[in-house]
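J.: Using only what follows, build the 3D model:
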Amino acid sequence: IAGSLLATILGSSAIIGSVDFAYNVGWAGSWLMLSAAIGLILLYPLLKYLNKFQGYNLPEILGKTYGIEVQKLASFIIPIAWIGIVASQIMGAAKIIMILCPLNYTQGVWLSGVVFIIYTYMGGQLSIIKTDFIQLLFILFGLLATIGYIGVDIKEIHSLGIINNKFNYIDVLILILTYSTTCLVGPDIYSRLFCARDMKVMKNSIIIVVLVLIPVGFILAAIGIYGAKFLGEINNNSSILLIIAEKKLNKVTSIFLYFGLLSAVISSADTTLLTASSLFSQTFIQDLRSKKAMLLTRIMVVILGIFSIIIALYLKNILGALLMAVAIYSGASIMMSGINMLINRNDNQLQNIMNWFSISMTTAAILEHACIETNRKGVFDLEILPAVYLIKSFLNTPKLSIVAMIWLTTFGRHLISTNNDAKEVKFFI
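T.: Below is the predicted model:
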């Protein structure tokens with residue numbers, strides 16, 4: 001169980017993203033993995049409550065607590081958010097394939113996407129757990145081989161600290177709010193834990209994963225720092241880790257790293273795609289163990305996989321795909337609060353808690369969006385300005401309608417418009 005959890009968390013998007021992040025912000029790049037560890041630490045004391053739901057998935061837990069309407073809504077919204085996660089894994093695989101084979105990005109996306117779909121279609125939850133552990137060994141061995149080869153040079157490098165002017169305490173808080181929650185309430189995390197034999201296995205698995213994630217976070221940051229020192233300026237769409245493998249490592253070490261990254265891609269993509277597909281099927285068929293549900297799940301694997309391929313072709317940016325998922329999660333929390341308001345009118349305390357949770361998720365997504373846009377273009381999008389005033393209004397009157405308006409004014413345009421900077425008009429006052 002611990003091996004499968006680690007293999008799922010250490011996807012190619014997390015590994016490549018952490019290294020690219022550290023290339024820009026130094027040791028603060030370790031916060032991506034540290035945030036995942038924090039999410040699991042927060043989950044640990046909740047295991048005693050989750051244990052009674054063993055055999056259920058996240059929407060079923062919500063259904064037992066809030067009713068069938070909430071369960072169906074969660075089964076519909078969560079998979080939509082996870083499409084962005086699957087797309088980010090396809091992007092990572094495509095970039096590796098471009099190095100190993102004479103293929104361009106588009107061909108790499110289609111090849112990796114089709115392989116993920118077939119692999120997930122033919123396997124199942126238990127078979128994926130068994131192969132995840134083997135894939136984890138490749139991941140860890142590839143990273144250890146890399147850091148072992150370049151480790152001597154890293155000792156002489158003086159880089160930015162874990163908190164610095166490029167990544168301050170507010171940035172850390174935003175990252176924890178957005179990324180830790182994927183481990184605290186992530187459907188893929190729950191699907192793994194619920195396969196555990198008993199509570200002891202659950203707890204031990206969480207402890208092992210946390211103890212591994214922390215040093216891995218610093219290893220990935222060290223590789224990114226090495227890249228910043230010895231590679232200099234590179235194209236924004238290039239992967240630091242893959243460039244290091246191509247230009248700085250010997251052939252044997254680079255092959256180990258490539259195998260490790262491909263294992264990371266497969267282990268995370270198959271888990272996420274299978275979980276998303278099964279949850280979406282549950283919108284229509286409650287019993288996921290029935291033959292009809294299994295057939296529908298396989299069909300959804302193909303459909304969601306194709307959607308993920310399209311997103312990978314459209315965005316061409318790993319972080320963009322991950323942020324898309326975070327934005328949709330915040331939108332999902334708003335819709336969940338709305339459903340609760342309609343079907344559970346008498347519980348004002350619960351509604352107030354859900355409203356504050358929704359504004360917290362939405363605010364974190366907006367701040368993350370602003371930081372990314374500022375770093376990428378030098379200026380954030382203008383729709384963020386009215387969102388600030390609406391947040392102030394919420395503090396005075398914490399209504400869900402205000403949260404919904406904030407989300408729509410910030411992310412609504414991105415649902416229907418293309419990401420083409422050449423068509424943007426910037427105003428500077």
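J.: Tell me who's in contact with residue 164.
T.: 25, 26, 28 (CB atoms under 8 Å, 6 or more residues apart in numbering). Glycine gets a C-beta too; all of them are placed from N, C-alpha and C.
J.: Was I right to think the second one contacts residue 221?
T.: Think residue 26. Yes. Counting by CB atoms under 8 Å, residue 26 touches residue 221, with 7.4 Å between them.
J.: With neighbour numbers in mind, choose between the two.
T.: Neighbour tally, residue 26 and residue 221, criterion other CB atoms under 10 Å: the higher count belongs to residue 221, 28 against 23.
J.: What about residue 143, how many residues nearby?
T.: A total of 23 residues lie near residue 143 under the criterion other CB under 10 Å.
J.: Tell me the pLDDT of the residue nearest to it when sequence neighbours are not counted.
T.: Spatial nearest neighbour of residue 143, chain neighbours left out: residue 219 (5.8 Å); criterion: CB to CB, 6 or more residues apart in numbering. What the model reports for residue 219 is a pLDDT of 91.
J.: who's in contact with residue 219?
T.: Applying CB under 8 Å, 6+ apart to residue 219 gives the contacts 143, 144, 147.
J.: out of these, who's nearest residue 307?
T.: For residue 307, the closest of the contacts of residue 219 turns out to be residue 143, at 30.5 Å, with distances computed as CB to CB.
J.: Tell me which residues of the strand or helix carrying that closest one come out buried.
T.: With the criterion set as DSSP states H and E, the secondary-structure element containing residue 143 is helix 125-154. Along helix 125-154, these residues count as buried under the neighbour rule (16 or more other CB atoms under 10 Å): 128-129, 131-132, 135-136, 138-140, 142-147, 149-150, 154.
J.: tell me which element residue 196 falls in.
T.: Applying DSSP H and E, one finds residue 196 in no helix or strand.
J.: again, but for residue 83
T.: Using DSSP H and E, residue 83 sits in helix 68-100.
J.: Remind me what that helix packs against, helices and strands.
T.: Counting by 3 or more CB pairs under 8 Å, 6 or more residues apart in numbering; DSSP states H and E, the packing neighbours recorded for helix 68-100 are helix 12-25, helix 58-66, helix 105-122, helix 187-193, helix 240-247, helix 251-281, helix 291-315, helix 318-343.
J.: mind listing what residue 355 touches?
T.: Contacts for residue 355 were tallied using CB under 8 Å, 6+ apart; they are 337, 398, 399, 400, 403.
J.: pLDDT (mean, whole number) over the helix holding residue 143?
T.: Over the span of helix 125-154, the pLDDT mean works out to 75.
J.: what packs against it?
T.: Using 3+ CB pairs under 8 Å, 6+ apart as the contact test, the elements touching helix 125-154 are helix 2-9, helix 199-230, helix 240-247, helix 251-281.
J.: if we go to 10 Å?
T.: Using 3 or more CB pairs under 10 Å, 6 or more residues apart in numbering; DSSP states H and E, the elements in contact with helix 125-154 are helix 2-9, helix 12-25, helix 105-122, helix 187-193, helix 199-230, helix 240-247, helix 251-281.
J.: Indicate which one of the ones you listed is closest to residue 363.
T.: Once the helices and strands packed on helix 125-154 are compared by CB to CB, helix 12-25 is nearest, at 21.5 Å.
J.: how close does residue 308 sit to residue 239?
T.: Residue 308 sits 19 Å away from residue 239, going by CB to CB, to the nearest Å.
J.: do residue 404 as well
T.: Counting by CB to CB - residue 404 and residue 239 are separated by 37 Å.
J.: of these two, who's got more company?
T.: Between residue 404 and residue 239, counting by other CB under 10 Å, residue 239 is the more crowded of the two (27 against 18).
J.: so that one touches residue 258, yeah?
T.: No. Applying CB atoms under 10 Å as the test, residue 239 and residue 258 come out as separate, 11.8 Å apart.
J.: any shared contact partners between these two?
T.: Residues within reach of residue 239 and of residue 258 at once, by CB atoms under 10 Å, 6 or more residues apart in numbering, are 96, 99, 245, 246.
J.: Can you check the pLDDT for the nearest residue to the third one once chain neighbours are set aside?
T.: This means residue 245. In space, and not counting its chain neighbours, residue 245 is closest to residue 254: 4.3 Å by CB to CB, 6+ apart. The predicted local distance difference test score for residue 254 is 83.
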